[in-house]
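*Asks:* model this:
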Amino acid sequence: MTSDRVLLYMWDPFRRRLVEELDFFKEQADQRLLSQFENISQEAEAHAQEVYEDSGACFNSECHDAADFVESAQDAGIRFYELLDDMRRQTIFSVAAGMYHQFEIKLRDFLVSEFQKSFSGEKLKQKLWRQEISKIFDLVEGCGWKVRNEPFFEHIDACRLVVNVYKHGDGKSLDELLDKYPKYLRSPFDDDNVRPWTVGVDYTSLTVGREDLCVFHHAFRDFWNSIPAYTHFSDAVGVPEWVGNAIMSDREASD
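*Replies:* Reported below is the predicted structural model:
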């Protein structure tokens, strides 16, 4: 193999397609899903008014206190708002999960496709699909692109942790999110100056807004727009050992 042989090639039309698909997902999520929650305060007020008006059919001035009907309607409105707000939060988490899932799948698929042009066999292919994402980023860096030094990487990493906490609840991802990106976790205290506010934080503390989705979206865009068009064998001086082992196993299996 010569030192200038291409190992990975990001074809420009393919790059544009990846960005186009990402943009489409985000735009449609905004239009078809998230826009439905823009007026939940007004909807809650309307629901409270509806409950109040419906209760009027049962009102008897001789045995009922009108204030009780008003309070009951207000409580119904508050509960309706809480349910809609929780649905909004769940929808935002789902959109974040969708973006991250799309990103990780496309990255692994790209690496599999490019590596198989030089190294055929199932071992390497399986490793690329099954290794945890941190090891995939190790591979990317081993090929010469120090992606973890890019300004957008921390947002991709934060999205990964947010999605893991959303999917799995308490665990290592929650601990890592709390350590690295605590802004995505609400303080259990009204006063954030109370220390340690980390006491009582769990998966229910997770909070992500639409503005955070925009940050994640731009980070994924920047990743695809920044990945080198050409990675040569001479660039791949730090490829992880597991990659070399898988290649050797594939070669032995083909002999």
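
*Asks:* Can you show me the helices along the stretch 51-200 of the chain?
*Replies:* Secondary structure of the stretch 51-200 of the chain (DSSP state H, counting those that start in this stretch): helices located at 66-115, 122-130, 133-142, 153-168, 172-180.

*Asks:* Tabulate those helices in JSON lines, adding columns for mean neighbour count and distance to Ala219.
*Replies:* Yep, even glycine has a C-beta here, placed from its N, CA and C like the rest. Below are the helices of the stretch 51-200 of the chain laid out as JSON lines (neighbours: other C-beta atoms under 10 Å; distance: least, C-beta to C-beta, whole Å):
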{"stretch": "helix 66-115", "mean neighbour count": "16", "distance to Ala219": "9"}
{"stretch": "helix 122-130", "mean neighbour count": "17", "distance to Ala219": "22"}
{"stretch": "helix 133-142", "mean neighbour count": "16", "distance to Ala219": "14"}
{"stretch": "helix 153-168", "mean neighbour count": "20", "distance to Ala219": "4"}
{"stretch": "helix 172-180", "mean neighbour count": "16", "distance to Ala219": "15"}
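
*Asks:* Dump those into a markdown table; add distance to Ser226 and mean pLDDT as well.
*Replies:* Formatted as a markdown table, these follow (distance: least, C-beta to C-beta, whole Å; pLDDT from 0 to 100):
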| stretch | distance to Ser226 | mean pLDDT |
| --- | --- | --- |
| helix 66-115 | 13 | 94 |
| helix 122-130 | 21 | 97 |
| helix 133-142 | 11 | 98 |
| helix 153-168 | 10 | 97 |
| helix 172-180 | 21 | 95 |
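
*Asks:* From Gln31, how far off is the nearest residue to Tyr52 once chain neighbours are set aside?
*Replies:* Spatial nearest neighbour of Tyr52, excluding adjacent residues (C-beta to C-beta, 6 or more residues apart in numbering): Ala73 at 3.6 Å. According to C-beta to C-beta, to the nearest Å, Ala73 stands 33 Å off from Gln31.

*Asks:* ok, now Asn225?
*Replies:* With distances taken as C-beta to C-beta, Asn225 is found 23 Å from Gln31.

*Asks:* In terms of packing, which of the two has more residues around it?
*Replies:* Neighbours were counted for Asn225 and for Gln31 using other C-beta atoms under 10 Å; Asn225 has more, 13 against 10.

*Asks:* Which helix or which strand is home to the more buried one?
*Replies:* Asn225 belongs to helix 210-226 when assigned by DSSP states H and E.
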